[in-house]
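J.: Sequence unavailable; structure follows:
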């Protein structure tokens, strides 16, 4: 599917033959429905909280020529919220989330 011989096995992006420095390898996007808390502080008012259903996309990417793989979790529609962390950090976060979820049931 892609034209780069050094492309990681998980990359499903079709690369052009003219590879620039900003080209990335990208895993397929996985869309996850979530319920998110939103907080606002109106001018002169008290904290307002609201809950909304949305979707986030989760994917891995790596810049062509780099060794570091990044994991992204991005709010799909408005991209108001996002986290982009190293693969090692994502594994630590996964362990912490698993431990937390096990504790609270």
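T.: Great, that's in hand. What you see is a predicted model, and the numbers here were worked out from it, not measured in a lab. Residues are numbered from 1 along each chain as shown.
J.: And the pLDDT at the residue of the chain most remote from its centre?
T.: Ranked by distance from the centre of the chain (C-alpha atoms, centre = their mean), the top residue is residue 44, with 34.6 Å. Residue 44 carries a pLDDT value of 80.
J.: Checking it next. Helix, strand or coil?
T.: coil (DSSP: H, G, I helix; E, B strand; the rest coil).
J.: separation between it and residue 50?
T.: As for residue 44, its distance to residue 50 is 19 Å (criterion: C-beta to C-beta, to the nearest Å). In short, each C-beta sits where N, CA and C put it, glycine included.
J.: for residue 35, same thing?
T.: For residue 35, the distance to residue 50 - C-beta to C-beta - is 11 Å.
J.: which residue ranges form the strands in this protein?
T.: 24-26, 30-40, 48-63, 70-75, 82-86 (DSSP state E).
J.: residues contacting residue 86?
T.: Contact analysis of residue 86 by C-beta atoms under 8 Å, 6 or more residues apart in numbering lists 68-71.
J.: cool, and residue 48?
T.: 39-42.
J.: from the residues you listed, which would you call buried?
T.: Buried residues within the contacts of residue 48, counting neighbours by 16 or more other C-beta atoms under 10 Å: none.
J.: What are the phi and psi values at residue 66?
T.: Dihedral angles phi and psi of residue 66 (degrees, to the nearest 10) take the values phi -100, psi 160.
J.: roughly how far apart are it and residue 41?
T.: 39 Å.
J.: Likewise for residue 26?
T.: Applying C-beta to C-beta to residue 26 and residue 41 gives a distance of 36 Å.
J.: With residue 35 instead?
T.: 21 Å.
J.: Next: residue 15.
T.: As judged by C-beta to C-beta, residue 15 and residue 41 stand 45 Å apart.
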